[in-house]
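Q: Quick check, what structure comes out for this input:
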Amino acid sequence: MAMAMPVAQLSFVFLVLLLAHTASAQLAPAPAPDAGCNGIFLSYSLQGRDQIRPHVAEAERNSQPYSFRARATVVNSDTRPLRSWALQVTFVHGEILVSVDGAVLTSGADLPYNTTAGDAGRPTSFTGYPQTDLLTPISTAGDPAKTQATVNLVGTLFAGPRPYEPLPSFLSLADPSYTCPPATNATSPTNLTTCCVFTADDDGTDPARSLSFLPRRTGDLVITYDVLQSHETTYLALVTLENDAPLGRLDGWQLSWRWQREEFISTMRGAYPREVDTAGCLYGPQGQYYKGLDLSKVLNCDRTPVVHDLPLSRANDTDIGRIDHCCRNGTVLPKSMDAAAQSKSAFQMEVYKMPPDLNRTKLYPPTGFNVTGSSPFNPEYACGAPIPVTPSEYPDPSGLASTTAAVATWQVVCNITTASKPPRCCVSFSAFYNESVVPCRTCACGCPATQPATATCSTTAPAMLLPPQALLMPFDRRASEALEWADQKHLGVPNPMPCGDFCGVSINWHVATDFTGGWSARLTLFNWDATDMPDWFTAIVMDGAYDGFEQAYSFNATRVGNNTIFVKGSQGFNFLLGESNMSGVDYPVPGKLQSVFSFTKKTTPGIDVIAGDGFPSKVFFNGDECAMPLRIPSQGTKPAALPVPLHLCLLLLSTFLLLAY
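A: Numbering: from 1, shown residues only. The predicted structure follows:
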């Protein structure tokens, strides 16, 4: 009996502790994975974080580095399959991803990946791979292995001490067909959840969605990855780049991607790797499996190969050429320049697969596509993940009235990024009623990050007015001309003098005449770069005078809508030479081209050319938006009007004399 009381007391204490633990657990229940969500359920859970070195001072404790572990989940609770899913997470604590399991970075970037450096506030996109599709609970009897995907993340973040929980600010799907409300952590301080709802105009019977295909999409640059032939260990792929941007162009394109399943390139036609390297195969698992294959003859075994177009001289090469739309030195023009031939570029390659994909129907495209151009005028692109679309169809090669379908087709959409970068061209204004030229702005294309110690120019002082002949001079010579002009015209001179515009191409728009029935202007292109520019084009936005445009005399110019006149060189004027040294001149001069533009006032009643309607509001060169001057030439005494034919004759004569200079 003496032992009964202690045992009873211990039992009572244990019961009290158990009830207290149960009560505390009920205060913070674990969040239900998809409670109440009949769409696509997204969650992000912070699994834990541990303080790592270096340890920061107390005053900077909100910037202490921590290692973290997180888990993101995508669950399809809808009646539609989610094809080629992509999860977007906006990190806001300087997260650096070190390991990603269950998905790949859509951008194809290497790990470790800084999610916020240079991209602060922009989401990081994860694409499912190899599980690219999430089926519906109805079609799989609720099998979670087929309806949900889990992405495990390991990395480093910077945050303050506990109890603060560093979570992302936003979760969403990249698919524009779904709307995702702001994610909340109502159920747990370490967990974010949201439920995305299908909002596109679709009743669920779209055959492209009910099968394994997604609707084809549009973008500035569309890459199509077609599998033309499929064998047990290899397949033949046709890769096509198509330019759909109205003003974008590529010169000397380079295309890269990331293999996810240890594939390698055996042969290519229409393009070539930047590096021919087989070491990765010889010393890797490829060499262990393909023991009877002469790996010294394969082209590339890099996990991230980089390929480029071939020169025109290889177009009919029987070994690496003879592919439609290949071999143009990597030039892809907009369709406004050439809709039929030069707006596409294509190449073929034979790809070897590795186990466990040794099956004719096991086909996986690469991910992380990235395309760049060699010209500073080329835009920067952000490419999405490859999505499965209906197989491409091609005319029968024998000439029969039939089509041949690809075995499988994926589409990658790349759009021009809106990230701000300095322009590469600038515009100056001049007019017949003012002797001075309003030049390009100071540092219009950006000033060098570091100025020499001896630099005496100002990066903020306004550009000085110029005499017309100074447009043909480099800036060091132009500065002295500006000083002399200021002295002649009694103009102010800033101290220190303004820096140059640092632009490779400058464009002068000169209002040449203004008479009762119409007016005219002269467009001059100056190429200050050493590189020649074939097949150039420009676009001029004329807000007040667009409807009155008639013709250009040396260029081909067409009204294309949105107050924009699209201009390209006619035969003999489509090649803009680079800067060169002319005999008899002690300074280098730019390559230049010029044309007169005529306008009528019949369709633009009330137009005031001199007040500003005769000057463009925007100018683009080779797709790049040029820096505009901050003012137009000031009005002076307008000369007496000349007869219209005499106006044009004198203007065309001046154009000929300037080009002959």
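
Q: any weak-confidence spans in the stretch 301-450 of the chain?
A: The stretch 301-450 of the chain contains residues with pLDDT under 70 at 339, 419-420, 449-450.

Q: mind redoing it with 80?
A: Along the stretch 301-450 of the chain, segments meeting pLDDT under 80 span 338-341, 397-399, 418-420, 448-450.

Q: What segments of it are strands?
A: 306-309, 344-352, 367-372, 381-383, 387-389, 393-395, 403-405, 408-416, 425-431, 434-438 (DSSP state E, counting those that start in this stretch).

Q: Mind giving me the packing neighbours of the last one?
A: Going back to what we said before, that points to strand 434-438. Contacting strand 434-438 under the criterion 3 or more Cβ pairs under 8 Å, 6 or more residues apart in numbering; DSSP states H and E are the following elements: strand 425-431, helix 475-489. C-betas here are computed from N, CA, C, even on glycine.

Q: winner for burial among these?
A: Among the helices and strands packed on strand 434-438, strand 425-431 has the highest mean neighbour count (mean count of other Cβ atoms under 10 Å), at a mean of 26.

Q: now the angle from that strand to strand 434-438?
A: Here strand 425-431 points in a direction 170 degrees away from that of strand 434-438 (axes from the mean of the first three to the mean of the last three Cα atoms, to 10 degrees).

Q: circling back to that earlier point, okay, the strands of the stretch 301-450 of the chain, which one's buried deepest?
A: strand 425-431 (a mean of 26).

Q: ok, now which ones touch the most centrally placed residue in the chain?
A: The centre of the chain sits closest to residue 381, judged by Cα atoms, centre = their mean, with a distance of 1.5 Å. Residue 381 makes contacts with 220, 221, 370, 371, 372, 414, 415, 416, 417, as judged by Cβ atoms under 8 Å, 6 or more residues apart in numbering.

Q: switch the cut-off to 7 Å
A: Contacts of residue 381 were listed using Cβ atoms under 7 Å, 6 or more residues apart in numbering, and they are 220, 221, 371, 414, 415, 416, 417.

Q: close enough to count as contact, residue 44 and residue 169?
A: No: at 10.5 Å, residue 44 does not count as touching residue 169 under the criterion of Cβ atoms under 7 Å.

Q: The two: who's more crowded?
A: residue 44 (24 against 14; other Cβ atoms under 10 Å).

Q: quick revisit: any chance of the contacts of residue 381 in a markdown table, with distance to residue 266 too?
A: Converted to a markdown table, the contacts of residue 381 look like this (distance: Cβ to Cβ, whole Å):
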| residue | distance to residue 266 |
| --- | --- |
| 220 | 31 |
| 221 | 27 |
| 371 | 23 |
| 414 | 26 |
| 415 | 32 |
| 416 | 33 |
| 417 | 34 |
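
Q: Closest to residue 559 out of the residues you listed?
A: Checking those against residue 559 by Cβ to Cβ gives residue 220 as the nearest, at 22.3 Å.

Q: how close does that closest one sit to residue 282?
A: Here the criterion is Cβ to Cβ, to the nearest Å. By it, residue 220 lies 39 Å from residue 282.

Q: Give the residue from these two that has the larger number of neighbours.
A: residue 220 (20 against 13).

Q: Show the contacting residues for the more buried one.
A: Contacts for residue 220 (Cβ under 7 Å, 6+ apart) come out as 244, 245, 248, 381, 414, 415, 416.

Q: circling back to that earlier point, nearest to residue 612, of the helices and strands packed on strand 434-438?
A: strand 425-431 (9.9 Å).

Q: re earlier: what's opposite the residue nearest to the centre of the chain in the beta bridge?
A: Assessed by DSSP bridges, residue 381 has beta-bridge partners residue 416.

Q: ok, now how distant is it from residue 416?
A: Distance of residue 381 to residue 416, computed by Cβ to Cβ: 6 Å.

Q: swap in residue 364?
A: Distance from residue 364 to residue 416, counting by Cβ to Cβ: 28 Å.

Q: can you give me the strands in the stretch 1-150 of the chain?
A: Along the stretch 1-150 of the chain, counting by DSSP E, counting those that start in this stretch, strands occupy 40-51, 64-76, 86-90, 96-101, 103-105, 113-114, 124-128, 148-159.

Q: Serialize those strands to JSON lines and add fields for mean pLDDT and distance to residue 510.
A: Shown next, in JSON lines, are those (pLDDT from 0 to 100; distance: least, Cβ to Cβ, whole Å):
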{"stretch": "strand 40-51", "mean pLDDT": "95", "distance to residue 510": "57"}
{"stretch": "strand 64-76", "mean pLDDT": "96", "distance to residue 510": "58"}
{"stretch": "strand 86-90", "mean pLDDT": "93", "distance to residue 510": "48"}
{"stretch": "strand 96-101", "mean pLDDT": "95", "distance to residue 510": "53"}
{"stretch": "strand 103-105", "mean pLDDT": "89", "distance to residue 510": "50"}
{"stretch": "strand 113-114", "mean pLDDT": "92", "distance to residue 510": "48"}
{"stretch": "strand 124-128", "mean pLDDT": "90", "distance to residue 510": "47"}
{"stretch": "strand 148-159", "mean pLDDT": "95", "distance to residue 510": "55"}
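
Q: can you list those strands in TSV and add distance to residue 584?
A: Compiled in TSV, the strands of the stretch 1-150 of the chain are given as follows (distance: least, Cβ to Cβ, whole Å):
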stretch	distance to residue 584
strand 40-51	70
strand 64-76	65
strand 86-90	61
strand 96-101	60
strand 103-105	58
strand 113-114	55
strand 124-128	58
strand 148-159	63
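
Q: Quick one, which of these gets closest to residue 457.
A: Using Cβ to Cβ, the nearest of those to residue 457 is strand 113-114, at 35.6 Å.

Q: Could you pull up the contacting residues of residue 358?
A: Contact partners of residue 358, counting by Cβ under 7 Å, 6+ apart, are 232, 233.

Q: Quick check: it vs residue 75, distance?
A: For residue 358, the distance to residue 75 equals 32 Å [Cβ to Cβ].

Q: what do you get for residue 519?
A: 65 Å.

Q: Between these two, which is the more surrounded one?
A: A count of neighbours by other Cβ under 10 Å puts residue 519 above the other of residue 519 and residue 75, at 25 against 22.

Q: Quick one: neighbours of residue 116, just the number.
A: If you count neighbours by other Cβ under 10 Å, residue 116 ends up with 18.

Q: so what's the nearest residue to it once chain neighbours are set aside scoring on pLDDT?
A: Nearest non-adjacent residue to residue 116, counting by Cβ to Cβ, 6 or more residues apart in numbering: residue 94, 5.3 Å away. Predicted confidence (pLDDT) for residue 94: 92.
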